[in-house]
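> Make a model of this:
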Amino acid sequence: MQTVKMVVTGPFSAGKTQFIQSVSEIDVVATERRISSEEERSVKNATTVAMDFGRITVDEDLVLYLFGTPGQKRFDFMWEILSEGMLGFIVMVDSTRPETFREARSILETFRAYAPTPFVVAANKQDMDDAWELEDMGHALRLDKHTKLLPCVATDKDSVKTVLLELLYSILSEMEGK
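Sure thing, here's the model as predicted:
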């Protein structure tokens, strides 16, 4: 059986935990703690402090292991640990919070430095009225034309599967090329 390790990363409150929970066939192992900061608590009540872990069996020969990173800078020491052995990664970006785009770009560059693996960018919350258009997000994130920027709704299982399959196809294509 082939196992594929994928990392789901991105800024604080981008939807990483929800993304993994939407598709995992096991109860997601989550390391969430209550948020103490007033500013962060205005966005949500809990945050991932170590990682989230989920699993998806694609077929009898292929299992995906999903590792979600903490989004807050103070937990970024976990990023390198979680990136070890990854075959690809997803950068989640909240389409309704342009103030997080610069941080998302920085996280993308950090993970590319950890390992030159395939990646996709998932534009979460594309179902919201105030979501940025993909083309505008691509410019704001300074993505080149080869980078896959995919619409996503982290609460929708089919949307999440589409993002995962795009990354999986990129990983398999790279593996065949070697």
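> Pick out the residue closest to the middle of the protein.
With distances taken as Cα atoms, centre = their mean, the residue of the chain nearest its centroid is residue 8 (2.9 Å).
> Assign a three-state SS to that one, would you?
Per DSSP: H, G, I helix; E, B strand; the rest coil, the secondary structure class of residue 8 is strand.
> quick one: low-confidence ranges for this structure?
29-50, 178 (pLDDT under 70).
> which helices and strands sit right next to the longest helix seen in it?
For the chain, the longest helix by residue count, based on DSSP state H, is helix 157-177. For helix 157-177, the elements it packs on are strand 2-9, helix 16-23, strand 62-68, strand 88-94, strand 119-124, strand 149-151, judged by 3 or more Cβ pairs under 8 Å, 6 or more residues apart in numbering; DSSP states H and E. Glycine gets a C-beta too; all of them are placed from N, C-alpha and C.
> let's see it at 6 Å
When contacts are defined as 3 or more Cβ pairs under 6 Å, 6 or more residues apart in numbering; DSSP states H and E, helix 157-177 packs onto helix 16-23, strand 88-94, strand 119-124.
> Go through those and name the closest to residue 59.
Of all the helices and strands packed on helix 157-177, the one in closest proximity to residue 59, counting by Cβ to Cβ, is helix 16-23 (14.8 Å).
> Alpha carbons of the longest helix of the chain, as PDB, please.
Coordinates of each C-alpha in helix 157-177 appear next as PDB, following Å, rounded to 0.1, in the frame of the first residue of the first chain:
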ATOM      1  CA  LYS A 157     -16.500  17.500   1.300                       C
ATOM      2  CA  ASP A 158     -16.600  17.600  -2.500                       C
ATOM      3  CA  SER A 159     -14.800  20.900  -2.600                       C
ATOM      4  CA  VAL A 160     -12.100  19.600  -0.300                       C
ATOM      5  CA  LYS A 161     -11.800  16.400  -2.300                       C
ATOM      6  CA  THR A 162     -11.300  18.400  -5.500                       C
ATOM      7  CA  VAL A 163      -8.400  20.300  -3.900                       C
ATOM      8  CA  LEU A 164      -6.800  17.100  -2.600                       C
ATOM      9  CA  LEU A 165      -7.100  15.300  -6.000                       C
ATOM     10  CA  GLU A 166      -5.400  18.200  -7.800                       C
ATOM     11  CA  LEU A 167      -2.500  18.000  -5.400                       C
ATOM     12  CA  LEU A 168      -2.400  14.200  -5.600                       C
ATOM     13  CA  TYR A 169      -2.300  14.400  -9.500                       C
ATOM     14  CA  SER A 170       0.600  16.800  -9.200                       C
ATOM     15  CA  ILE A 171       2.400  14.400  -6.800                       C
ATOM     16  CA  LEU A 172       1.800  11.300  -8.900                       C
ATOM     17  CA  SER A 173       2.900  13.200 -12.100                       C
ATOM     18  CA  GLU A 174       6.100  14.200 -10.400                       C
ATOM     19  CA  MET A 175       6.700  10.700  -9.100                       C
ATOM     20  CA  GLU A 176       6.300   9.300 -12.600                       C
ATOM     21  CA  GLY A 177       8.700  11.800 -14.000                       C
END
